[in-house]
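Asks: Build the 3D model from these lines:
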Amino acid sequence: MNRRVRFLDTRPLRRSRPFRDLWIGTSASQLGGQIATVAVLAQVWDLTGSTVGTGAIGLATGLSMVLFGLLGGTLADSVDRRALVRATTAGQLLVAAGLSVQAVAGDRNVVLLLALVAAGTACGALGAPARRTFPVRLLPADQVAAGLALTNVSFQAAMLAGPALAGLIIARWDLPAAYGAQAATTVVSVLAVIRLPAMKPEGAGTNFTRRRPERGGWRIVLRRPTLWGSMATDLSATLLAMPIALFPLVNEIRFGGNPQTLGLFLSAVAVGGITAGLLSGTVTRWRRGGLVQLCAAAVWGLALAGFGLSGPLWPALGCLAVAGAADTVSVVTRSALVQLETPDAYRGRVSSLEHVIGVAGPELGNFRGGLMASATSAPFALVTGGLSATLAVAAVAATNASLRAYRTPPTPDEPTAPETVDAATVTG
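Replies: The predicted structure follows:
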């Protein structure tokens with residue numbers, strides 16, 4: 001295997017027009033979402049002047065993500081997934097228009113604002129499981145990880161540029177312009193989805209009530225060691241070592257509470273993620289996706305433990321950048337593995353489980369870190385959390401031979417090497 005460093009693998013964009021449309025629409029939607037996040041935060045703070053009010057944003061979005069994400073998984077396995085994403089994206093457009101109207105009207109009702117935010121999140125969560133299944137249907141197996149890496153890079157870029165762009169828009173043209181920008185990017189997303197081919201679940205009938213689809217996702221995950229091992233790896237890393245909630249306290253005790261330093265913490269994670277994404281052509285060509293995810297998750301934990309031990313600013317930022325890079329590699333390889341290992345008739349439900357774990361794990365991890373830091377200290381919480389995450393990932397690796405041995409399935413014109421272990425054939 002050629003081990004030289006490769007930059008971002010752009011084959012999916014060059015060779016698949018449908019994936020290119022999907023990527024453009026998703027990238028636009030992600031940028032608009034970041035702009036709207038800042039606008040909502042600013043508006044709620046202006047209306048309430050309370051951290052309880054801003055905290056209510058997380059409650060409104062978190063509950064909608066979990067509840068409607070699970071429902072979206074069942075729908076994604078029972079209807080044409082393109083039609084589902086079309087409808088939910090159109091719903092997001094209506095919500096964006098509603099946010100724009102209430103901002104132009106100068107509405108002071110925070111309940112209405114939070115209701116619109118919850119509705120937009122619900123639309124996105126309903127379509128998220130179906131949207132996650134698109135790359136594996138639009139790309140050959142050896143390009144799925146590359147396609148997911150491209151999507152992750154656009155997400156990291158939106159996280160880096162979106163808040164700054166939102167600040168400029170709000171400062172110059174106020175909140176209606178920010179919500180208008182979100183609506184414009186959602187229009188791009190709607191047009192992109194319209195151009196996609198129909199994508200009905202393969203091997204699925206139309207009567208899903210007899211199949212008890214709400215349990216189907218769990219069954220397929222528990223029967224395949226590669227699936228539950230991959231999700232357990234992600235949950236171990238985020239639940240035990242999520243650092244975001246500890247950033248303000250670390251900044252206060254080590255750097256005098258400088259808001260610029262706090263911003264650097266978040267930027268360092270994003271910079272690491274973007275850098276890994278731009279160099280992802282190296283890892284997306286590796287067939288050993290399970291082993292790559294395990295190693296990346298372990299590096300994430302060690303890097304955050306290093307952040308907890310770092311006194312000077314630059315080593316601390318370096319550890320966060322390494323953690324951000326490891327997180328990107330882990331997310332890309334996990335997402336590709338989950339999609340490739342799941343039969344298409346179950347992909348919606350399994351994707352909804354992956355989505356919920358991806359949402360709940362970091363939130364619970366931040367909560368755990370905050371509780372531990374309040375009882376001990378932020379550095380102690382970071383170090384023990386990072387080391388615990390690494391040990392938990394090591395335990396998954398030691399007990400799950402199928403995940404360690406997993407290899408990306410070959411493309412139809414690629415011969416399978418005699419020594420290849422196809423974990424897709426391993427069932428519990």
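
Asks: The one helix or strand Ser267 maps to: which residues count as buried?
Replies: For Ser267, the element it lies in under DSSP states H and E is helix 259-278. Counting neighbours by 16 or more other Cβ atoms under 10 Å, one finds that the buried residues in helix 259-278 are 261-262, 264-277. Every residue, glycine included, has its C-beta placed from N, CA and C.

Asks: Dump the C-alpha coordinates for it into CSV.
Replies: Listed next in CSV are the C-alpha coordinates belonging to helix 259-278 (Å, rounded to 0.1, in the frame of the first residue of the first chain):
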residue,chain,number,x,y,z
PRO,A,259,-12.3,35.9,26.0
GLN,A,260,-9.8,35.9,23.1
THR,A,261,-8.1,32.8,24.7
LEU,A,262,-11.5,31.1,25.1
GLY,A,263,-12.1,31.7,21.4
LEU,A,264,-8.7,30.2,20.6
PHE,A,265,-9.6,27.0,22.4
LEU,A,266,-12.6,26.5,20.1
SER,A,267,-10.7,27.6,17.0
ALA,A,268,-7.8,25.2,17.8
VAL,A,269,-10.2,22.3,17.7
ALA,A,270,-11.7,23.5,14.4
VAL,A,271,-8.2,24.1,12.9
GLY,A,272,-7.2,20.6,13.8
GLY,A,273,-10.3,19.2,12.3
ILE,A,274,-9.9,21.1,9.0
THR,A,275,-6.3,20.1,8.7
ALA,A,276,-7.1,16.5,9.2
GLY,A,277,-9.9,16.8,6.6
LEU,A,278,-7.6,18.4,4.0
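
Asks: how far away is Asp344 from Arg14?
Replies: As defined by Cβ to Cβ, to the nearest Å, Asp344 lies at a distance of 25 Å from Arg14.

Asks: And the two? Which one has more around it.
Replies: Using other Cβ atoms under 10 Å as the criterion, Asp344 and Arg14 rank with Asp344 on top: 18 against 10.

Asks: Correct me if wrong: that one contacts Phe134.
Replies: No. Asp344 is beyond contact range of Phe134, at 11.6 Å (criterion: Cβ atoms under 8 Å).

Asks: where does the stretch 301-428 of the chain dip in pLDDT?
Replies: With pLDDT under 70 as the threshold, the stretch 301-428 of the chain has low-confidence stretches at 410-428.

Asks: change it to 50
Replies: Of all residues in the stretch 301-428 of the chain, those with pLDDT under 50 make up the ranges 414-428.

Asks: where along it do the helices fall?
Replies: Taking DSSP state H, counting those that start in this stretch as the criterion, the stretch 301-428 of the chain contains helices spanning 313-341, 347-375, 378-399, 401-405.

Asks: The residue nearest to Ser310 when sequence neighbours are not counted and Pro243, how far apart?
Replies: The spatial neighbour of Ser310 that comes closest, neighbours along the chain excluded (Cβ to Cβ, 6 or more residues apart in numbering), is Ala316 at 4.0 Å. Per Cβ to Cβ, Ala316 is found 11 Å from Pro243.

Asks: same question, Phe68
Replies: Separation of Phe68 from Pro243 (Cβ to Cβ) stands at 28 Å.

Asks: List the buried residues in stretch 380-392.
Replies: Residues of stretch 380-392 classed as buried under the neighbour-count rule (16+ other Cβ under 10 Å) are 381-390, 392.

Asks: so what's the residue nearest to the spatial centre of the chain up against?
Replies: For the chain, the residue nearest the mean C-alpha position is Gly358 (6.3 Å; Cα atoms, centre = their mean). If a contact means Cβ atoms under 8 Å, 6 or more residues apart in numbering, then Gly358 has 234, 238 as its contacts.

Asks: try 6 Å
Replies: For Gly358, no residue meets the contact criterion (Cβ atoms under 6 Å, 6 or more residues apart in numbering).

Asks: Next: Gly127.
Replies: Counting by Cβ under 6 Å, 6+ apart, Gly127 has contacts 84-85, 88.

Asks: Check which helix or strand it maps to.
Replies: Taking DSSP H and E as the definition, one finds Gly127 inside helix 110-132.

Asks: Show the subsequent helix or strand relative to that helix.
Replies: Sequence-wise, the next helix or strand beyond helix 110-132 is helix 134-138, with elements assigned using DSSP H and E.

Asks: Give the buried residues for the helix or strand following that following helix.
Replies: Downstream of helix 134-138, the next assigned helix or strand under DSSP H and E is helix 141-173. By 16+ other Cβ under 10 Å, the buried positions in helix 141-173 come out as 141-160, 162-163, 165-166, 169-170.

Asks: Give me the helices and strands touching helix 141-173, please.
Replies: helix 11-15, helix 17-48, helix 134-138, helix 175-194, helix 259-278, helix 281-284, helix 313-341 (3 or more Cβ pairs under 6 Å, 6 or more residues apart in numbering; DSSP states H and E).

Asks: how far off helix 110-132 does the last one point, in degrees?
Replies: When axes from the mean of the first three to the mean of the last three Cα atoms, to 10 degrees is applied, the directions of helix 313-341 and helix 110-132 differ by 60 degrees.
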